[in-house]
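Asker: need coordinates for the below:
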Amino acid sequence: KKYTLLLMAILATTIAMQAQYGNEWVDFNRTYYKFQLDETGIYRIPTSVLSGTGMALIGKNFQLFYKGQEIPIYVTTDNVFSTGDYIEFYGEQNDGEYDTQLFANASKQLQTEISLFSDESTYFLTTNVGANKRYEDTPNSIANVPPKLDYFMHNSYQVEKSSFHTGEPNYTSGAYSYFSKFDEGEGFCGSIIRNISGTLDNIGYNYRVFTDNVYTAAPEQAHVTARIVGRNASTVVIYDKHMAIGIVAPGQTDTTVYVQDSFRKFQVKQFDFDVTLDHLNTVPDATGRARTAVNFKAFDGNYYGWPYETKYSLALLQMTYPRDFDFNGEEYFEFNLDIDQTTYIEIENFDGGGNNILYDLTEGKRYFPVVESGVYKFKIEPESTVKRDFVIFKRGSANTHIQEITDLTPRNFVDYDDPVNQG
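Answerer: Residues are numbered from 1 along each chain as shown. Here you go, the predicted model:
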């Protein structure tokens with residue numbers, strides 16, 4: 001009996017020591033300064049804001065955390081901050097990554113691009129004497145470069161959020177009920193797609209995704225991902241959703257069908273398919289940008305005498321396609337590249353002037369371009385990670401994608417593992 005109790009005590013201690021609570025990054029002897037943001041972009045914290053915190057304003061000691069991880073920052077000086085100095089970093093709007101924990105099965109979550117609760121993400125700034133993460137200035141010599149890349153695979157997507165689906169209900173005692181747990185498909189989605197035939201043909205619903213600057217000579221095809229969710233249940237018929245997805249090619253009114261399938265009741269379903277590049281629209285429409293229409297249809301029917309009605313919603317529409325390096329006069333642009341060898345790119349039609357910079361968000365590097373005749377040139381070397389995220393932006397204060405953090409709230413965390421703080 002004594003041995004059993006001893007074994008249980010050792011096991012409990014081992015489990016407690018191995019447990020991860022998400023606060024491993026916290027040093028309980030430090031003060032952290034909390035701030036929030038709700039848009040993805042470049043942010044700066046100026047000396048005028050930092051000076052009100054009481055922190056020692058030594059550039060090399062600043063340290064920033066997001067989602068329990070230290071993230072790289074750029075500081076204008078490693079020494080004592082003075083007027084005009086600032087911390088610069090890439091900030092992200094809150095997404096649905098943490099929401100995944102609320103679902104018993106991650107595949108039942110509609111999408112992770114936006115949060116179910118808030119767009120605001122929370123950051124914590126502190127100071128630490130030691131090796132803190134920084135964006136490192138990286139040489140950009142364009143001598144002896146390989147042939148330039150003609151295109152990259154660009155990810156264009158839209159999240160539908162005009163409606164909120166309460167998830168798969170529980171059917172008991174002749175009625176639907178909803179439990180406190182997060183059910184399959186619970187979350188934001190679009191309006192209900194249904195059969196709209198009758199006096200009209202079933203023309204379906206068009207959802208448009210941006211397809212600017214398609215590099216039509218690429219050997220790759222475009223890839224489409226659509227995540228949808230059933231919005232009703234028919235009596236007896238289990239697979240009561242019959243639907244089709246197609247593309248409305250440029251200059252055409254008819255739809256080229258790429259997917260035709262059935263699924264059940266309130267199920268979350270993902271469809272992936274490739275599309276030939278000539279089916280992508282490259283001509284700007286009334287929005288000033290090129291958009292490709294993806295068509296969704298619903299079909300009603302009868303299964304051995306039992307009628308069924310198809311109702312479903314689109315949650316996420318994503319298209320990955322080859323795009324050239326013409327950035328359409330933007331002053332801020334995010335993209336990603338697969339770099340497994342020395343890579344040379346030339347960015348054209350970018351509103352960067354002579355004061356812009358390229359951040360390698362994955363490897364924590366900064367590149368100043370070589371600018372010739374309005375073309376921004378970069379040579380990038382391979383690192384440990386092949387798939388890398390980049391953002392290029394104009395550094396002037398007039399760039400609306402550069403925002404200033406104006407409020408820092410002190411926060412001292414309490415260590416409840418310490419017996420002094422218990423009870």
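
Asker: shaky segments in the chain?
Answerer: With pLDDT under 70 as the threshold, the chain has low-confidence stretches at 1-21, 173-174, 197-201.

Asker: center of it, which residue is that?
Answerer: Ranked by distance to the mean C-alpha position of the chain (C-alpha atoms, centre = their mean), the top residue is residue 113 at 4.7 Å.

Asker: correct me if wrong: that one contacts residue 159.
Answerer: Yes: between residue 113 and residue 159 there is a contact at 5.0 Å, judged by C-beta atoms under 8 Å. (C-beta placed from N, C-alpha, C; glycine too.)

Asker: what do those two both touch?
Answerer: residue 316 (C-beta atoms under 8 Å, 6 or more residues apart in numbering).

Asker: and the next helix or strand past the longest strand along the chain?
Answerer: Taking DSSP state E as the assignment, the strand of the chain that covers the most residues is strand 311-323. Proceeding N to C from strand 311-323, the next assigned helix or strand is strand 332-338, under DSSP states H and E.

Asker: and that next one, how far out from the chain's middle?
Answerer: Mean C-alpha position of strand 332-338 versus that of the full chain (C-alpha atoms, centre = their mean, to the nearest Å) differs by 13 Å.

Asker: swap in stretch 298-305?
Answerer: For stretch 298-305, the distance to the chain centre is 38 Å (C-alpha atoms, centre = their mean).

Asker: what's the answer for stretch 57-77, then?
Answerer: The chain centre lies 22 Å from the centre of stretch 57-77; the measure is C-alpha atoms, centre = their mean.

Asker: now do it: distance from first to last residue.
Answerer: Between the opening and closing residues of stretch 57-77 we find a distance of 10 Å, counting by C-alpha to C-alpha, to the nearest Å.

Asker: okay, buried residues for that stretch please.
Answerer: With burial defined by 16 or more other C-beta atoms under 10 Å, the residues of stretch 57-77 counted as buried are 57, 59-66, 71-76.

Asker: which residues touch it?
Answerer: Judged by C-beta under 8 Å, 6+ apart, the contacts made with stretch 57-77 from elsewhere in the structure are 22-25, 32, 47, 50-51, 78-81, 84-92, 97-98, 121-129, 132-135, 364, 366.

Asker: which residue ranges of the stretch 101-250 of the chain form strands?
Answerer: When assigned using DSSP state E, counting those that start in this stretch, the strands of the stretch 101-250 of the chain occupy the ranges 121-127, 136-137, 152-159, 163-165, 170-172, 175-177, 187-189, 193-194, 205-210, 222-230, 241-248.

Asker: quick one, helices of the stretch 251-400 of the chain?
Answerer: Secondary structure of the stretch 251-400 of the chain by DSSP state H, counting those that start in this stretch: no helices are present.

Asker: quick one: the strands in it?
Answerer: Taking DSSP E, counting those that start in this stretch, the strands of the stretch 251-400 of the chain run over residues 256-263, 268-275, 291-299, 301-303, 306-308, 311-323, 332-338, 343-347, 356-360, 365-367, 370-372, 375-380, 387-394.

Asker: so which elements touch the second one?
Answerer: So that's strand 268-275. The criterion is 3 or more C-beta pairs under 8 Å, 6 or more residues apart in numbering; DSSP states H and E, and the helices and strands that strand 268-275 contacts are strand 222-230, strand 241-248, strand 256-263.

Asker: could you do the first one as well?
Answerer: Contact partners of strand 256-263 among helices and strands, from 3+ C-beta pairs under 8 Å, 6+ apart: strand 222-230, strand 241-248, strand 268-275.

Asker: would you confirm that residue 64 belongs to a strand?
Answerer: Yes: counting by DSSP: H, G, I helix; E, B strand; the rest coil, residue 64 is located in a strand.

Asker: could you give the bridge partners of it?
Answerer: Taking DSSP bridges, one finds residue 71, residue 125 as the beta-bridge partners of residue 64.

Asker: follow-up on the earlier one: check the strands of the stretch 101-250 of the chain for me and report the most buried one.
Answerer: Highest mean neighbour count of those: strand 187-189, a mean of 25 (counted as mean count of other C-beta atoms under 10 Å).
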